[in-house]
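K.L.:
missing the sequence, but the structure's below:
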């Protein structure tokens, strides 16, 4: 059984808990990137991983008006291979679900590497120079009438991404969106090809998070690095990022992770007890951003599902989060509880409470 995420997210708002699954800390000490990473790992969790624009607003707010720069946990090294990502956070690239045109990707740019992707009118893809101006497609998750918008203004890939994030949600991302009938109707003969939200780079997060979110300044052309390069956020530039020599000494931002994957196989009740004794509770998921953060955790699970803090009340015929702390009638205990897939689309299902899975504590 799969449920409406919107309903469950609304129910979760009733929980009297701190809904931040991770917390940022601005450290006003000048250190090089490696020293900052070591400090964060010793005193917190790691250098900051940034997953969306909400995170960026949080980073700017914690700077306390300090108009300087600060290291974040993004680094590029010569040994890192270029990897494809979708621009929209939470959409994962799958090599088996691509639609490249014949002989693409070619990576034959005579002015640099072709690290951004455009789409022909027949919906097939080609790799392209990110700095070449093209039309582009935006995705809008808040507009149910028209989810996709063809923007007939020529912009570089990064400026197209910035436009889509400011006026809609993001560049169109993922094969599911690209195969939508509405997208096919937008194709016309006024262009040869247009940008979609697929790109590749060598940048990686210090904590191993696979987040594809990038917030570079608009002059950044994503040059390939011959030596270690590190990213910082610039507070007086809307938090946009710059790549700098890792040996420079700057303030930095750490984060504390408030959720943990327990790779022990337990029943739901055993998992609940473990979390309450050793941490706080089984995890509650209040919004899509929380869901994406937890998805990163469950990727490392040793079971096909992980327990989350959902249980079912038979007498009321309703699912609720354990943090609601409603009175529980054992006579009406259906022994049905919520799990999240540890891969695929990370959907939610119901499982018998006697089954044994890994679980997520908050």
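P.N.:
Alright, I've got the coordinates. Just so we're clear, the structure is a prediction, and the values are computed from it rather than from any experiment. Numbers count the residues shown, from 1 in each chain.

K.L.:
hang on, isn't residue 357 packed against residue 337?
P.N.:
No: using Cβ atoms under 8 Å, residue 357 is not in contact with residue 337, being 9.7 Å away. All C-beta spots, glycine's among them, are computed from the backbone N, C-alpha and C.

K.L.:
ok, residue 352 touching residue 339?
P.N.:
No: taking contacts as Cβ under 8 Å, residue 352 lies outside contact range of residue 339: 10.3 Å.

K.L.:
okay, these two: which has more neighbours?
P.N.:
residue 339 (23 against 11; other Cβ atoms under 10 Å).

K.L.:
what about that one, which SS state?
P.N.:
strand (DSSP: H, G, I helix; E, B strand; the rest coil).

K.L.:
need the helices for the stretch 1-150 of the chain, in chain order.
P.N.:
Counting by DSSP state H, counting those that start in this stretch, the stretch 1-150 of the chain has helices at residues 5-12, 33-43, 53-62.

K.L.:
for the longest one, buried residues please.
P.N.:
Read that as helix 33-43. 33, 35, 36, 37, 39, 40 (16 or more other Cβ atoms under 10 Å).

K.L.:
quick one: low-confidence ranges for the stretch 101-250 of the chain?
P.N.:
109-112, 189, 220-228 (pLDDT under 70).

K.L.:
do you know how far the closest residue to residue 191 other than its chain neighbours is from residue 99?
P.N.:
Using Cβ to Cβ, 6 or more residues apart in numbering and skipping residues adjacent in sequence, the residue nearest residue 191 is residue 135, 4.8 Å away. The gap separating residue 135 from residue 99 is 18 Å, by Cβ to Cβ, to the nearest Å.

K.L.:
the two: which is more packed in?
P.N.:
residue 135 (18 against 14).

K.L.:
picking that back up, so what sits against both of residue 357 and residue 337?
P.N.:
307, 351 (Cβ atoms under 8 Å, 6 or more residues apart in numbering).

K.L.:
those two: who's more crowded?
P.N.:
For residue 357 and residue 337, the more surrounded residue by other Cβ under 10 Å is residue 337, and the numbers stand at 27 against 24.

K.L.:
how far away is that one from residue 130?
P.N.:
From residue 337 to residue 130 the distance is 46 Å (Cβ to Cβ).

K.L.:
and what of residue 179?
P.N.:
24 Å.

K.L.:
between those two, which is the more surrounded one?
P.N.:
residue 130 (26 against 12).

K.L.:
I'd say that one and residue 158 touch.
P.N.:
Yes: under the criterion of Cβ under 8 Å, residue 130 makes contact with residue 158 at 6.4 Å.
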